[in-house]
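In: The sequence and its predicted three-dimensional model are supplied below.
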Amino acid sequence: LVQLVESGGGSVQSGGSLRLSCRVSGYARSNRCMGWFRQAPGKEREAVAIIYKEDGSTRYADAVKGRFTISQDNAKNTVYLQMNNLKPEDSAMYYCATAPWFRWREEEYNYWGQGTQVTVSS
């Protein structure tokens with residue numbers, strides 16, 4: 001059983017920073033790719049950043065490029081999302097998820113965390 005637990009969300013002012021963490025436990029084969037997704041009220045969930053555990057490859061949504069950084073600590077089975085220069089439009093519930101391969105579409109992700117709320121005020 002794969003379990004994901006997110007932490008690090010909170011409320012910040014525009015321009016501030018937060019670092020989200022996602023600790024993963026469980027069967028390793030399902031965990032090759034880790035993704036951060038977000039969903040704002042009334043909007044569809046969208047991919048924010050993904051990282052491939054095998055070689056560290058990353059991909060970012062255009063809206064967060066240059067501001068967000070995804071990283072991993074394999075020894076701790078933890079993936080991070082460093083979010084800088086936050087904007088009100090970044091406000092959302094942020095989820096981490098795992099996929100067997102380096103994929104962008106959320107349909108490819110088979111295990112999900114419960115989410116952590118990020119609120120950015122102007």
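Out: Nice, I can see it. Residues are numbered from 1 along each chain as shown.

In: What are the boundaries of the strands in this structure?
Out: Using DSSP state E, the strands assigned to the chain run over residues 3-7, 10-13, 18-25, 33-39, 46-52, 58-60, 68-73, 78-83, 92-99, 111-112, 116-121.

In: So which of the ones you listed is nearest residue 105?
Out: strand 46-52 (7.5 Å; CB to CB). Glycine gets a C-beta too; all of them are placed from N, C-alpha and C.

In: Now do the closest one: which elements does it pack against?
Out: With contacts defined as 3 or more CB pairs under 8 Å, 6 or more residues apart in numbering; DSSP states H and E, the packing partners of strand 46-52 are strand 33-39, strand 58-60, strand 68-73, strand 78-83.

In: ok, 10 Å please
Out: strand 33-39, strand 58-60, strand 68-73, strand 78-83, strand 92-99 (3 or more CB pairs under 10 Å, 6 or more residues apart in numbering; DSSP states H and E).

In: what separates it from the chain centre, distance-wise?
Out: With CA atoms, centre = their mean, to the nearest Å as the basis, strand 46-52 stands 6 Å off its chain's centre.

In: list the buried ones in it?
Out: By 16 or more other CB atoms under 10 Å, the buried positions in strand 46-52 come out as 47, 48, 49, 50, 51, 52.

In: before we move on, the earlier item: out of the helices and strands packed on strand 46-52, nearest to residue 13?
Out: Nearest of the helices and strands packed on strand 46-52 (CB to CB): strand 78-83, 13.0 Å.

In: which ones are touching residue 47?
Out: By CB atoms under 10 Å, 6 or more residues apart in numbering, residue 47 lies in contact with 35-38, 59-61, 64, 97, 103-106, 108-109.
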